[in-house]
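A.B. asks: build me a structure from this.
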Amino acid sequence: MAEFLDLQTAIQSTVRDGDVVALEGFTHLIPFAAGHEIIRQQRRDLTLIRMTPDILYDQMIGMGVARALRFSWGGNPGVGSLHRFRDAVENGWPHPLLIEEHAHAAMAAAYQSGAANLPFATLRGYIGTDHPNVNSQIRQIVCPFTAERLAAVASIRCDVAVIHAQRADRNGNVLLEGILGVQREAVLGAKRAVVTVEEIVDDFGPRSPNTTILPGWVITAIARVPRGAFPSYAQGYYPRHNGFYLAWDEISRDRDRFLAWMQRYVLDRREVLGPDCLQGVAA
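C.D. replies: Numbering: from 1, shown residues only. Model (predicted):
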């Protein structure tokens, strides 16, 4: 059953060195505050999983958190490359990074099968492509009913899933609205789940048609962290900070500049990022 904790305690009690960890969110509700707390607590040797690793994973990789990454697309959305990610793959800085790249469809299927407590997912998309030639984790099976050859990928069943959401009620149920990715599946397939929320309410009130509610019994810890998805956005609370995504391209190109920004805005402060996060270092 969900326990209400502060963010520091929530991460400290759930994320351990060597864990397989997914911080999910699709352009929207990206758990930046939780990821920054993982960095501050100096977790190491994590296998990070995410359908679309963007700036948050660039920061985590650049700060030495990750040993490996399983993903389907990586980049600074609308801008370009993730320079800390590239530096780790191309130059081994701050240390080498193992990568396992998939298509979006395979990642989504792997999350869904993990949520169903199954060992693998099947799909047709990889059959006849070159993708299995560069990813040894893509296997083939024969359908026992039709004898059709199908691709198979291991399910995603994390040690810890971390997401951000709009609201939790006092019973530990969590509400997500707006653009969704695989947050629900990530939580359902994980051993432990941490959810940061904008607010804790007595009642969720009117809901949009695409509302997802996660029951408190699938969640380990809930932390109230207003603006916990910034500089991504939370529908109904604040917009995406497009200027930050543009500025990150220059901040992250240089190792020293990147480290200076992380020191100033993540390591030296406990509060979430705010509009001042482009001052000084980003000039």
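A.B. asks: so which strand or helix has the residue lying closest to residue 143 once chain neighbours are set aside?
C.D. replies: Using C-beta to C-beta, 6 or more residues apart in numbering and skipping residues adjacent in sequence, the residue nearest residue 143 is residue 150, 5.9 Å away. (C-beta placed from N, C-alpha, C; glycine too.) Using DSSP states H and E, residue 150 falls within strand 149-154.
A.B. asks: if we can go back for a sec, what bridges to the residue nearest to residue 143?
C.D. replies: Beta-bridge pairing of residue 150 under DSSP bridges involves residue 141.
A.B. asks: does it touch residue 128 like I think?
C.D. replies: No - counting by C-beta atoms under 8 Å, residue 150 stays clear of residue 128, with 11.7 Å between them.
A.B. asks: those two: who's more crowded?
C.D. replies: Neighbours were counted for residue 150 and for residue 128 using other C-beta atoms under 10 Å; residue 150 has more, 17 against 10.
A.B. asks: contacts only, for the more buried one.
C.D. replies: 122-124, 127, 140-143 (C-beta atoms under 8 Å, 6 or more residues apart in numbering).
A.B. asks: any idea how far the spatially closest residue to residue 212 that is not a sequence neighbour lies from residue 34?
C.D. replies: Spatial nearest neighbour of residue 212, chain neighbours left out: residue 176 (4.6 Å); criterion: C-beta to C-beta, 6+ apart. Here residue 176 is placed at a distance of 15 Å from residue 34 (C-beta to C-beta, to the nearest Å).
A.B. asks: over to residue 111?
C.D. replies: Using C-beta to C-beta, which is the criterion applied here, residue 111 is 18 Å from residue 34.
A.B. asks: over to residue 276?
C.D. replies: Distance, residue 276 to residue 34, using C-beta to C-beta: 20 Å.
A.B. asks: ok, the two, which is more surrounded?
C.D. replies: residue 34 (28 against 8).
A.B. asks: residues in contact with the more buried one?
C.D. replies: 7, 10-11, 23, 162, 164, 194, 196, 223, 225, 228.
A.B. asks: same thing but 6 Å
C.D. replies: With contacts defined as C-beta atoms under 6 Å, 6 or more residues apart in numbering, residue 34 is in contact with 162, 196.
A.B. asks: residue 177 too?
C.D. replies: By C-beta under 6 Å, 6+ apart, the contact set of residue 177 is 166, 208, 211, 235.
A.B. asks: let's see that with 8 Å instead.
C.D. replies: Residues in contact with residue 177 (C-beta under 8 Å, 6+ apart) are 166, 207-208, 210-212, 235-236.
A.B. asks: pull out the buried residues from those residues.
C.D. replies: For the contacts of residue 177, a burial check counting by 16 or more other C-beta atoms under 10 Å picks out residue 166.
A.B. asks: turn the contacts of residue 177 into TSV, including secondary structure and pLDDT.
C.D. replies: Compiled in TSV, these are given as follows (DSSP: H, G, I helix; E, B strand; the rest coil; pLDDT from 0 to 100):
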residue	secondary structure	pLDDT
166	strand	97
207	coil	87
208	coil	86
210	coil	86
211	coil	93
212	strand	93
235	coil	95
236	coil	95
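A.B. asks: which of the contacts of residue 177 sit farthest apart?
C.D. replies: 212 and 236 (14.3 Å; C-beta to C-beta).
A.B. asks: which one of the contacts of residue 177 is nearest residue 75?
C.D. replies: Minimum separation from residue 75 among the contacts of residue 177 (C-beta to C-beta) is found for residue 235, which lies at 22.6 Å.
A.B. asks: for that closest one, which non-adjacent residue is closest in space?
C.D. replies: Counting by C-beta to C-beta, 6+ apart, the residue nearest residue 235 is residue 178, at 3.3 Å.
A.B. asks: report pLDDT for the one you found.
C.D. replies: Reading off the per-residue confidence, residue 178 sits at a pLDDT of 94.
A.B. asks: try residue 78
C.D. replies: Taking residue 78 on its own, its pLDDT is 89.
A.B. asks: tell me how far the least confident helix or strand in the chain by mean pLDDT is from the chain's mean position?
C.D. replies: When the helices and strands of the chain are scored by mean pLDDT, DSSP states H and E, helix 131-134 comes last with a mean of 91. Relative to its parent chain, helix 131-134 has a centroid offset of 25 Å by C-alpha atoms, centre = their mean, to the nearest Å.
A.B. asks: can you check stretch 124-140 too?
C.D. replies: With C-alpha atoms, centre = their mean, you get 24 Å for stretch 124-140.
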